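Undergrad: Model the following, please.
(2 chains)
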2 protein chains.
Amino acid sequence: MEREELFRKISIENDKKMVLLVLDGLGGLPVNGRTELETARIPNLDLLAAESELGLTHPVAPGITPGSGPAHLSLFGYDPLKYEIGRGILEALGVGIEVGPRSVAVRGNFATLKDGLITDRRAGRIPTEKNREIIADLSEKITKIEDAEIRLYSGEEHRFVLVVTADGLSDQLTDADPEATGQPIRYAQAKNDAAAKTARIINLFIDRLTAELASAHPANTCLLRGFAKYPAIPSMRDLFKLRAGAIAVYPMYKGLAQLVGMEILATGRTIQDQIATLKQHYADFDFFFLHVKKTDSYGEDGDFAHKVGVIEEFDQWLPEVLELAPDVLVVTGDHSTPALMKGHSWHPNPVLLKSAFQRRAAAVGFLDAVAPSSRRDGGKIAKVQSGVGFGEASCARGILGNFSAMDVLPLMMANALKFKKYGA
Amino acid sequence: MEREELFRKISIENDKKMVLLVLDGLGGLPVNGRTELETARIPNLDLLAAESELGLTHPVAPGITPGSGPAHLSLFGYDPLKYEIGRGILEALGVGIEVGPRSVAVRGNFATLKDGLITDRRAGRIPTEKNREIIADLSEKITKIEDAEIRLYSGEEHRFVLVVTADGLSDQLTDADPEATGQPIRYAQAKNDAAAKTARIINLFIDRLTAELASAHPANTCLLRGFAKYPAIPSMRDLFKLRAGAIAVYPMYKGLAQLVGMEILATGRTIQDQIATLKQHYADFDFFFLHVKKTDSYGEDGDFAHKVGVIEEFDQWLPEVLELAPDVLVVTGDHSTPALMKGHSWHPNPVLLKSAFQRRAAAVGFLDAVAPSSRRDGGKIAKVQSGVGFGEASCARGILGNFSAMDVLPLMMANALKFKKYGA
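TA: Residues are numbered from 1 along each chain as shown, chains lettered A, B, ... in the order given. Below you'll find the model as predicted:
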């Protein structure tokens, strides 16, 4: 039996509540002997860890550094190598564009055409302002090609996103991009018969756009790369019988949540706002995904201290989540973003799972080590040395071991008693 | 997306150097409370472990005892259940025979035929000397059958290897062996149409050999078992974009390395010689596989003390490798060969990975425990008890956890920054 078939078969509905708190890019690498998480003063997480199960998860596989797409799919219980999310779709999700199963999305560049040849693949990096003007104008002029609805969205500078919506579209097209200057317009080619219609529409679009922009030098044509269809992913409702709500600030994460059928809850921008949203909707869903972005942003910037700061801010608000007393609570990251590396990395994610049915991983004597009276640097060092509290080293020794992030949601389901026995 | 497709997609070339040091059969079982590795005095490995990531790897899967073929394939990043290396090929590799994609190899026995029946399946275990004479004679007389090139190689006593090389050969044949005495010659049968040509050639060979040896009683016919084609394995260059060099003494390991496209570097027989070879070629490759055989040999002999001795000898030369400052260094075994069991076992391999981008698993305070002044038995016991240094117990608590040996190479690639991000 396939994994997803198993989930469909054994999932049941009940009134238990599950909360997945994701600190984006949480995992780190040591600077002066401690990672960001091990450096942060997180008394609430440390105490929670002492009564939780701990482990480390691989988003895709050992050694593989994931983008946000695969990393989140995995946390939502999906195989990230089975469901690939194309670049065009992620781009669309990232700028908050609604895309659906009938859509193909693709990244566009405005480019410069002169005497029939592409002379600048970025149209001199026109100002974003200018881009918006052009897109507004084109959006009025090109709304339909054949039976396909055409939508255009401005990005930064020369970038835009094109979404084509109709029945029978395919993303099996070659890029419409010569990838070098001094070449004529490169049209998209269908990789198979089923993509012929899409190729025709796309190429008609390129000609229409080029005609409309004849006098708009330097932005007088376009390149299109990364055709991607909205992936056909079963919903969390279908797989896990869950009513799932997402509390995220950034469009891409809302888009990813929407992709698996979560309802997107309107929320403010701070962690405090997001937790208020959780409280407000607590009665309405079985599963909540709450996404904190800034840990990753500071990691990408190489800003160790501010990443630590976000983790500490999160810790401060954690008691408000605990007051809700969710039946199953997980705190983890989607992938690691060590400040040391200024980018995503392959290092597995620290994960903490708190439920009524668990084997605690925390060492005896931990409560002494982090007791308020000693919670100074001494306490912190004691934590790292003894491998307790919430940190990479303690998670490495945790009772959950090293496992796939795809198994986090099944573990939550189990702890919420939402999985029936498999077999008799 | 499949695993190998993923590797092809995300691998990049850079100037980082990776060194994989394999002590064959390294893992062991405790005698008087300590394994071979835990008994060995290995100050250099212990110190290295304190600044490395540790774990335990399963060559194939928990509980599966691998042969050298699957164990090494796994360490090279290949799924050993996907690429089966037939016995005939391994036998050929083991005696240093060159085989290629057009070859089928098979193990042979000289046997005794009397009145049309096999009376001895081993021809009375003729002396190896006699075997060599017969093979030399046959090699002159039988060089070709149809368009197939015939090559014969002596083994010990009654054993030999036959390699048939031509276009369109297949290994889908039944064994040409009645498996009991008192039976007539059993010819090979094609399991499918594509194997018909090979079956015909093999059976003509059996008749030719039996005719040539009519007067050579007791070695006057042959049995052939384990037809195997050279497996079609993608090279490490293809999968990982690596220029890989192998420093091994024994033919089978050179053969296995060659199978995945490594270049075999000429080397002397001692560990010191092998490390000198590593230094000599250090500029020429991205990846080095250095294979130490004797740990396994002594394990097979049940010789605990000498296995310990080889590990200690290796430790003595380790600083010369460290001086090269490879970007990623792994020390591990291909499988365990506990002296206690006098053979390969299923116990996972201790593995140590040292790179710039790692979370150290070693406990603070380790350096005190193994400080030179205390590195007597007390220090050794402290090491085993505290689970630090390089040993099975410390690896079991390591930050890498228990994982598949197939993931060792991907982890090395990641740490060498030779993997791009997967997905956006």
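Undergrad: what about dumping the CA coordinates of the helix or strand containing residue A:393 to CSV?
TA: Using DSSP states H and E, residue A:393 sits in helix A:392-396. Written as CSV, here are the backbone C-alpha positions of helix A:392-396 (Å, rounded to 0.1, in the frame of the first residue of the first chain):
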residue,chain,number,x,y,z
GLU,A,392,20.4,20.9,17.9
ALA,A,393,22.6,18.8,20.3
SER,A,394,19.7,17.9,22.6
CYS,A,395,17.5,17.0,19.6
ALA,A,396,20.2,14.8,18.2
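Undergrad: Mean confidence (pLDDT) on it, please.
TA: For helix A:392-396, mean pLDDT is 90.
Undergrad: With stretch A:341-355 instead?
TA: Here the average pLDDT along stretch A:341-355 is 97.
Undergrad: Spatially, and excluding backbone neighbours, which residue is closest to the residue of the stretch 1-150 of chain A found nearest chain B.
TA: Residue nearest to chain B within the stretch 1-150 of chain A (C-beta to the nearest C-beta): residue A:63, separated by 3.3 Å. Bear in mind the C-beta positions are built from the backbone N, C-alpha and C, glycine included. Leaving out its chain neighbours, the residue that sits closest to residue A:63 by C-beta to C-beta, 6 or more residues apart in numbering or on different chains is residue B:410, at 3.3 Å.
Undergrad: One more: residue A:415?
TA: residue A:355 (3.7 Å).
Undergrad: what's the answer for residue A:320, then?
TA: residue A:275 (5.0 Å).
Undergrad: same question, residue A:329
TA: residue A:354 (4.5 Å).
Undergrad: hang on, isn't the residue nearest to residue A:415 packed against residue A:329?
TA: Yes: taking C-beta atoms under 8 Å as the definition, residue A:355 is a contact partner of residue A:329 at 7.3 Å.
Undergrad: between those two, which one's more packed in?
TA: Each of residue A:355 and residue A:329 has its neighbours counted (other C-beta atoms under 10 Å in any protein chain shown); residue A:329 has more, 24 against 20.
Undergrad: which secondary structure element contains that one?
TA: Going by DSSP H and E, residue A:329 is in strand A:328-332.
Undergrad: roughly how far out does stretch A:232-249 sit from the chain middle?
TA: Relative to its chain's centre, stretch A:232-249 lies at 14 Å (C-alpha atoms, centre = their mean, to the nearest Å).
Undergrad: quick one: furthest residue from the center of chain A?
TA: In chain A, counting by C-alpha atoms, centre = their mean, residue A:115 sits farthest out from the average C-alpha position, at 42.8 Å.
Undergrad: Mind checking what secondary structure the nearest residue to residue A:407 once chain neighbours are set aside has?
TA: Counting by C-beta to C-beta, 6+ apart, the nearest residue to residue A:407 once its immediate chain neighbours are dropped is residue A:57, at 7.6 Å. Under DSSP: H, G, I helix; E, B strand; the rest coil, residue A:57 falls in the strand class.
Undergrad: Do the helix or strand following the helix holding residue A:393 and chain B come into contact?
TA: On the C-terminal side of helix A:392-396, the nearest following helix or strand under DSSP H and E is strand A:401-404. Yes: interface with chain B: strand A:401-404 contributes A:401, A:402 (C-beta under 8 Å from any C-beta of the partner chain).
Undergrad: For the helix or strand just after strand A:401-404, give me every contacting residue.
TA: For strand A:401-404, the succeeding helix or strand toward the C-terminus, using DSSP H and E, is helix A:408-415. For helix A:408-415, the external contacting residues (C-beta atoms under 8 Å, 6 or more residues apart in numbering or on different chains) are A:7, A:11, A:18, A:20, A:57, A:74-77, A:240, A:287, A:327-328, A:330, A:332, A:351, A:353, A:355-358, A:400, A:419.
Undergrad: Many thanks, I have nothing further to ask.
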